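**Student:** For reference, the sequence and a predicted model appear below.
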Amino acid sequence: MVRINQRKPFRPRCKYCRTNRYVIPIVYGLRLEEEWLQKEEAGQIRLGGVARSVDAPNWHCSKCGNEFLR
């Protein structure tokens, strides 16, 4: 019997809600793909725009709307 250890993807805690249940990644990029649009409609990611600056947030809390860096 082979045991496969699959880890859940990392999600930091929101500083205001104190949970990581509603935290989703913010995706930046030049090419807008159909898969990204479907994931955004499903609430799995948030589209951030074309270019990412140094201090741009990379996580979004769907519960309170807080956007933050890791």
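**Tutor:** Sure thing, it's come through. It should be emphasised that the depicted structure is a prediction, and the values quoted were computed from it without experimental measurement.
**Student:** How about the most centrally placed residue in the chain: what's its closest non-neighbour residue?
**Tutor:** When Cα atoms, centre = their mean is applied to the chain, the residue found nearest the centroid is Pro25 (1.0 Å). Nearest non-adjacent residue to Pro25, counting by Cβ to Cβ, 6 or more residues apart in numbering: Ile45, 5.7 Å away. Bear in mind the C-beta positions are built from the backbone N, C-alpha and C, glycine included.
**Student:** Also Asp55?
**Tutor:** Distances taken as Cβ to Cβ, 6+ apart place Leu69 nearest to Asp55, at 7.4 Å, with adjacent residues excluded.
**Student:** and the gap between the one you found and Leu47?
**Tutor:** 17 Å (Cβ to Cβ, to the nearest Å).
**Student:** higher neighbour count, the two?
**Tutor:** Leu47 (14 against 10; other Cβ atoms under 10 Å).
**Student:** mind listing the strands in the protein by residue range?
**Tutor:** Under the criterion DSSP state E, strands of the chain are mapped to 23-28, 46-49, 59-61, 67-68.
**Student:** Straight-line length of stretch 49-58, end to end?
**Tutor:** 11 Å (Cα to Cα, to the nearest Å).
**Student:** cool, and stretch 46-61?
**Tutor:** End-to-end for stretch 46-61, by Cα to Cα: 10 Å.
**Student:** what's in contact with it?
**Tutor:** Under the criterion Cβ atoms under 8 Å, 6 or more residues apart in numbering, residues 11-12, 14, 16-17, 22-30, 32, 36-37, 40, 66-70 lie in contact with stretch 46-61.
**Student:** Quick check: chain neighbours aside, which residue is closest to Lys39?
**Tutor:** For Lys39, ignoring the flanking residues on the chain, the nearest one in space by Cβ to Cβ, 6+ apart is Ile45 at 4.7 Å.
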